[in-house]
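[1] Please work out how this folds:
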Amino acid sequence: MGFNLSHLDDESLILQIKEGKHQAFEEIVNRHAKRFYSLAYRLVFNREEAEDIVQDAFLKLWNKPELWDSRKRVKFTTWFYRVVTNLCIDHNKKKKPVPLSDKTPIRHEQPGQDVLLDHQQKQVLLDNLIRELPERQQLAINLCFYEGLSNEEAAEIMGVKVKVLQSLIMRAKMTLKEKIKPYLD
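    Below you'll find the model as predicted:
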């Protein structure tokens with residue numbers, strides 16, 4: 001019969017993982033897998049590859065839980081975002097980039113066309129344009145806007161100062177604004 005560990009904080013669970021307790025590891029995975037999969041997917045844009053990356057990250061935690069050191073005063077999730085991010089960056093470096101066409105085909109809205117479909121088309125276009133951004137701008141946008149992290153947390157994950165993060169976001173927004181103009185006419 002298993003024990004419910006959901007009342008424990010991440011740090012307590014990691015201490016148990018260091019002792020080889022599978023249930024603590026299971027709790028950490030159940031608690032955070034969805035969040036980290038979401039980030040991985042937004043960085044590699046492939047479901048299976050994102051799942052593999054998150055699985056690799058959790059295996060790294062199981063095999064070497066001492067890699068996260070609570071004495072460094074970094075929240076577990078902040079540290080694990082960095083692990084997942086680095087795995088995604090390494091993965092993307094190995095992959096051959098798929099060139100995106102100059103114009104992603106967007107059907108013009110016809111009277112009575114489902115507005116939701118139009119929203120989905122816009123999201124696909126935005127996702128494609130974000131993929132074309134430089135790696136660090138892409139990461140900043142994903143951490144702050146899709147993961148909902150504060151600028152401070154995102155900067156810590158990326159290993160940059162908050163001002164640098166803000167600059168990356170500003171440049172990304174300016175680039176996206178320019179690239180999206182032709183589609184808005």
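
[2] Just the element for the most centrally placed residue in the chain, please.
    Closest to where the C-alpha atoms of the chain average out (C-alpha atoms, centre = their mean) is residue 39, at 1.9 Å. Under the criterion of DSSP states H and E, residue 39 resides in helix 22-44.

[3] Restricting the selection to alpha carbons, write that helix to CSV.
    Provided in CSV are the C-alpha atoms of helix 22-44 (Å, rounded to 0.1, in the frame of the first residue of the first chain):
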residue,chain,number,x,y,z
HIS,A,22,10.6,5.4,-6.0
GLN,A,23,7.3,6.8,-4.7
ALA,A,24,9.0,10.2,-4.1
PHE,A,25,10.3,10.1,-7.7
GLU,A,26,6.8,9.2,-9.0
GLU,A,27,5.3,12.1,-7.1
ILE,A,28,7.8,14.6,-8.6
VAL,A,29,7.1,13.3,-12.1
ASN,A,30,3.3,13.4,-11.6
ARG,A,31,3.6,16.9,-10.1
HIS,A,32,5.7,18.5,-12.8
ALA,A,33,5.8,16.4,-16.1
LYS,A,34,3.0,18.3,-17.8
ARG,A,35,4.6,21.7,-17.2
PHE,A,36,8.0,20.5,-18.5
TYR,A,37,6.5,18.7,-21.4
SER,A,38,4.8,22.0,-22.4
LEU,A,39,8.1,23.8,-22.4
ALA,A,40,9.9,21.1,-24.3
TYR,A,41,7.2,20.9,-26.9
ARG,A,42,7.4,24.7,-27.5
LEU,A,43,11.1,24.4,-28.0
VAL,A,44,11.3,21.3,-30.2
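
[4] and residue 160, helix, strand or coil?
    coil (DSSP: H, G, I helix; E, B strand; the rest coil).

[5] can you tell me which residues contact it?
    136, 168 (C-beta atoms under 8 Å, 6 or more residues apart in numbering). Bear in mind the C-beta positions are built from the backbone N, C-alpha and C, glycine included.

[6] Just the local confidence number for it, please.
    Residue 160 is assigned 96 on the pLDDT scale.

[7] Residue 171 versus that one, what's the distance?
    13 Å (C-beta to C-beta, to the nearest Å).

[8] Then residue 121?
    26 Å.

[9] any low-confidence regions in this structure?
    Where the chain drops to pLDDT under 70, the residues are 1-2, 96-117, 185.

[10] can you list the domains in it?
    For the chain, automatic domain parsing gives the domain ranges 1-98, 99-185.

[11] Please enumerate the helices of the protein.
    Taking DSSP state H as the criterion, the chain carries its helices at 10-18, 22-44, 47-63, 76-94, 115-131, 135-141, 151-158, 162-184.

[12] Ok, which of those helices comes nearest residue 70?
    In terms of C-beta to C-beta, the element of the helices of the chain nearest to residue 70 is helix 10-18, at 5.3 Å.
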